[in-house]
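1. have a look at this prediction, sequence included:
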Amino acid sequence: MEDNSRPEENEKKKDGMTLRVCGIEPESIVDGPGFRYVLFVQGCPHHCHGCHNPESWDPKAGFDMTTGEVFAEIMENPYLRGVTFSGGEPFEQVPALLELAKMCREAGLSLMSYSGYTLDELEARHDPDTDELLGMLDVLVDGRYDEKLRNLTLIYCGSENQRVIDMRKTRKARTEGDHGIVIPYKSSFDVDIEI
Ligand code: SF4
């Protein structure tokens with residue numbers, strides 16, 4: 001069938017969905033296990049007191065990138081082991097992040113995400129895209145930042161209410177019958193990632 005769309009529309013399609021972005025850290029060793037690309041999305045509804053990144057709250061601030069553009073940037077670095085979605089609130093941009101997550105997974109990269117929502121809150125959405133994105137994560141750091149529970153010795157999170165969840169082990173345990181179980185992520189040497 002003849003394609004009557006304009007060339008720039010085809011280019012847009014190739015580039016994928018649009019993400020609202022707050023910033024990028026192309027090489028990080030502190031936002032998850034191994035050497036990672038970190039995408040900070042723009043927009044957060046939680047407004048936690050003492051948030052380290054309040055400029056990420058306004059969903060209209062920041063800048064646009066397509067999933068294809070982000071992925072192309074990730075692919076430029078052969079040393080990356082994984083990608084981390086941070087924010088802002090990644091789970092306010094689920095469809096585009098799901099698209100990006102699929103690209104990254106196909107490329108053999110591990111996936112980690114932060115969320116101010118708890119895993120239970122995300123599961124209670126009963127949203128297929130949210131469930132699919134959760135099903136692709138190796139690690140989820142969940143829960144809002146609580147300044148009263150601030151603890152500087154924690155790895156990958158800032159307050160004691162937040163959980164660093166080993167999503168692979170959690171999914172496995174749940175399919176084996178431990179419904180509702182949440183298995184904490186132990187150390188950066190603990191995540192065995194199948195590539
Ligand atoms: S969830 Fe994270 S980005 Fe959002 S307000 Fe809380 S600490 Fe800040």
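-> That came through fine. This structure is a prediction, so every number in the text was calculated from the model and none was measured. Residues are numbered from 1 along each chain as shown.
2. and the biggest helix by length in the chain, what's buried?
-> For the chain, the helix with the greatest residue count under DSSP state H is helix 94-106. For helix 94-106, the neighbour count (16 or more other C-beta atoms under 10 Å) marks 94, 96, 97, 98, 99, 100, 101, 102, 103, 104, 105 as buried. Any C-beta I mention is one placed from the backbone N, CA and C, and that applies to glycine too.
3. contacting residues for the third one?
-> Okay, so that is residue 97. Residue 97 makes contact with 19, 41, 85, 90, 113, 133 under the criterion C-beta atoms under 8 Å, 6 or more residues apart in numbering.
4. from these, which are also near the ligand?
-> The residues of the contacts of residue 97 that also fall near the ligand, by C-beta under 6 Å from any ligand atom, amount to none at all.
5. the longest strand anywhere in the chain vs helix 94-106, what angle?
-> The strand spanning the most residues in the chain, taking DSSP state E as the definition, is strand 18-28. In terms of direction (axes from the mean of the first three to the mean of the last three C-alpha atoms, to 10 degrees), strand 18-28 departs from helix 94-106 by 40 degrees.
6. give the buried residues for strand 18-28.
-> Neighbour counts using 16+ other C-beta under 10 Å place 19, 20, 21, 22, 23, 28 of strand 18-28 among the buried residues.
7. the first one contacts residue 67, doesn't it?
-> Yes. Counting by C-beta atoms under 8 Å, residue 67 is a contact partner of residue 19 at 6.4 Å.
8. which other residues reach stretch 148-157?
-> Residues external to stretch 148-157 that are found in contact with it (C-beta under 8 Å, 6+ apart): 31-32, 50, 139, 141, 143, 158-164, 185, 187-188.
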